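Participant: Sequence and predicted structure below; questions after.
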Amino acid sequence: MKKTILAVAVSALALPAIALDKMPEPGFSGFIDLGVSTGSIESNFLARIPGIDVDLGDDTIDNLGSPDDESITLPGANYNLGYTFSSGKTRVFLGNDLADFLQFDSSTLLAVRHDFDTLGRFQLGFLSTAYPGVEVWEDPYLTDKKRRDTEFSSTGARITWDKIFGTQFEVKVTSKERDLDEERSGQSRDLSAAERKLLDREGDKYRAEVGYLFNIDNGRHVIRPSVAYIDYDLDGDAMAQDGYELAVSYQYFTDNIRWVTSALYQSLDGDKENPIFNDVNDSDTVAIGSQLYFPGAFGFEKWVPRINAIWSENDSDIDFNDSKGWLIGAGMFRRF
């Protein structure tokens, strides 16, 4: 069954174009990207997008196996709007941040950035769930009966330090608190209160990342490898995970084309055994995303046509926790 949903971004992996820019000129500036993508998502935990009454998964399942495939279409808007003060060293901006495509974990980012010359640039940002958000199942393990949805939200902060002492090193540290309106995981199963507590999905997520920018041929080629430590410090020990992520992004620039592509591998270890499946939620994620921009194509002067694609798969030792998704799409980008 074909579904249409609204999202705030269409690529979780492409390195944002503004990330490689110098501090913009004083005044208002930014970019906006409008487009549409189509593809599919597989998840046993996602329910729907609130406010527009669109399902992301079946409200009734008959087994606790791998998730079914759901076709989706995503109108999207990606943006970064800000103001640079007259000194040219301080900027405040508002944008969006898609942290996890497979969880539809998207946030609004409000941040201030300041250039301390040789010390580097510091950025402090505050994150909150972006409209329209996402809903998950109160008890995803309920079978043969209609499951009820509940709102998922997250808030947090991020500190970024780049151009460290004049180098191309960059450090990012993010902390987010995850909340569900109603967390009832496992109440439909024959579990004790202590066992149900192991399935609690609320808690904190921490991420610490180190990256380096390689500019080749006067910036025609830009490569950014990175390594990150990730800690899902959740209230339910069977849902908690920690581990590492390896990623690389590549950008290629010419007068007529710009190619942005990224790939990652993530390995997370579960803390304790899931009482329903008698197994630990160890998982591996592989993902790749790519965008092609065509400046000046079709006679457009201010808007830049683009095409995009993304694929991501999470393979857990617990089949019920597997997830997968892909999208292909097109849109228009404008910087101002």
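Facilitator: Ah, there it is. Since the structure is predicted, the reported quantities are computational estimates derived from the model, not experimental observations.
Participant: And for Val280, nearest residue in space, chain neighbours not counted?
Facilitator: The shortest distance from Val280 to any non-neighbouring residue, by C-beta to C-beta, 6 or more residues apart in numbering, is to Gly270 (4.1 Å). Yep, even glycine has a C-beta here, placed from its N, CA and C like the rest.
Participant: no no, Asp58
Facilitator: Closest to Asp58 by C-beta to C-beta, 6+ apart is Asp68, at 6.5 Å.
Participant: what helix or strand does Arg158 sit in?
Facilitator: In this assignment (DSSP states H and E), Arg158 forms part of strand 149-162.
Participant: for the residue nearest to Arg148 when sequence neighbours are not counted, phi and psi?
Facilitator: The shortest distance from Arg148 to any non-neighbouring residue, by C-beta to C-beta, 6+ apart, is to Glu138 (4.8 Å). Note on Glu138: backbone dihedrals following degrees, to the nearest 10 are phi -60, psi -50.
Participant: Quick one: the strands in the stretch 1-150 of the chain, in order.
Facilitator: Ranges of strands in the stretch 1-150 of the chain, per DSSP state E, counting those that start in this stretch, are 2-4, 27-42, 46-49, 54-55, 69-84, 90-100, 105-115, 121-129, 134-137, 149-162.
Participant: quick one on the thing from earlier: the residue nearest to Asp58 - how many residues pack around it?
Facilitator: Asp68 is flanked by 12 other residues according to other C-beta atoms under 10 Å.
Participant: thinking again about what came up before, what's the strand holding Arg158 packed up against?
Facilitator: On a contact count with 3 or more C-beta pairs under 8 Å, 6 or more residues apart in numbering; DSSP states H and E, strand 149-162 meets strand 46-49, strand 105-115, strand 121-129, strand 134-137, strand 169-180.
Participant: Just want to check the distance between the residue nearest to Arg148 and Tyr244.
Facilitator: Using C-beta to C-beta, to the nearest Å, Glu138 is found at 32 Å from Tyr244.
Participant: Who has more neighbours out of the two?
Facilitator: Neighbours of Glu138 and Tyr244, each counted by other C-beta under 10 Å, are more numerous for Glu138; the result is 19 against 13.
Participant: Please list all residues in contact with the closest residue to Ala287 other than its chain neighbours.
Facilitator: Spatial nearest neighbour of Ala287, excluding adjacent residues (C-beta to C-beta, 6+ apart): Ser312 at 3.7 Å. By C-beta atoms under 8 Å, 6 or more residues apart in numbering, the contact set of Ser312 is 12-13, 101-102, 285-289, 324-326.
Participant: Test my guess that Asp231 contacts Gly203.
Facilitator: No: counting by C-beta atoms under 8 Å, Asp231 sits too far from Gly203 to count as a contact (9.9 Å).
Participant: Looking at the helices and strands packed on strand 149-162, which is nearest to Phe31?
Facilitator: Minimum separation from Phe31 across these (C-beta to C-beta) falls at strand 105-115, 14.0 Å.
Participant: Just the CA atoms of stretch 139-155, as CSV, please.
Facilitator: Output in CSV follows, covering the C-alpha atoms of stretch 139-155 (Å, rounded to 0.1, in the frame of the first residue of the first chain):
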residue,chain,number,x,y,z
ASP,A,139,3.9,-2.0,23.2
PRO,A,140,5.6,-3.1,20.0
TYR,A,141,5.5,-6.7,21.1
LEU,A,142,1.6,-7.0,21.2
THR,A,143,0.4,-9.6,18.6
ASP,A,144,-3.0,-10.4,17.1
LYS,A,145,-4.5,-7.2,18.6
LYS,A,146,-4.4,-3.6,17.5
ARG,A,147,-1.4,-1.8,18.9
ARG,A,148,-1.7,1.8,20.2
ASP,A,149,0.8,4.5,19.1
THR,A,150,2.5,7.1,21.4
GLU,A,151,4.6,10.2,20.7
PHE,A,152,8.4,10.0,20.6
SER,A,153,10.4,13.1,21.4
SER,A,154,13.9,14.1,22.1
THR,A,155,15.8,17.2,23.4
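Participant: where does that stretch sit relative to the chain's centre, distance-wise?
Facilitator: 21 Å (C-alpha atoms, centre = their mean, to the nearest Å).
Participant: And for stretch 235-255?
Facilitator: That offset, for stretch 235-255, works out to 9 Å (C-alpha atoms, centre = their mean).
Participant: again with stretch 291-306
Facilitator: 25 Å.
Participant: Run through who's touching that stretch.
Facilitator: Contact with stretch 291-306 is made by 11, 14, 33, 35, 255-261, 307-309, 330-334, 336, as judged by C-beta under 8 Å, 6+ apart.
Participant: Out of those, which end up buried?
Facilitator: 11, 14, 33, 35, 258, 260-261, 308-309, 331, 333 (16 or more other C-beta atoms under 10 Å).
Participant: I appreciate the help and will end here.
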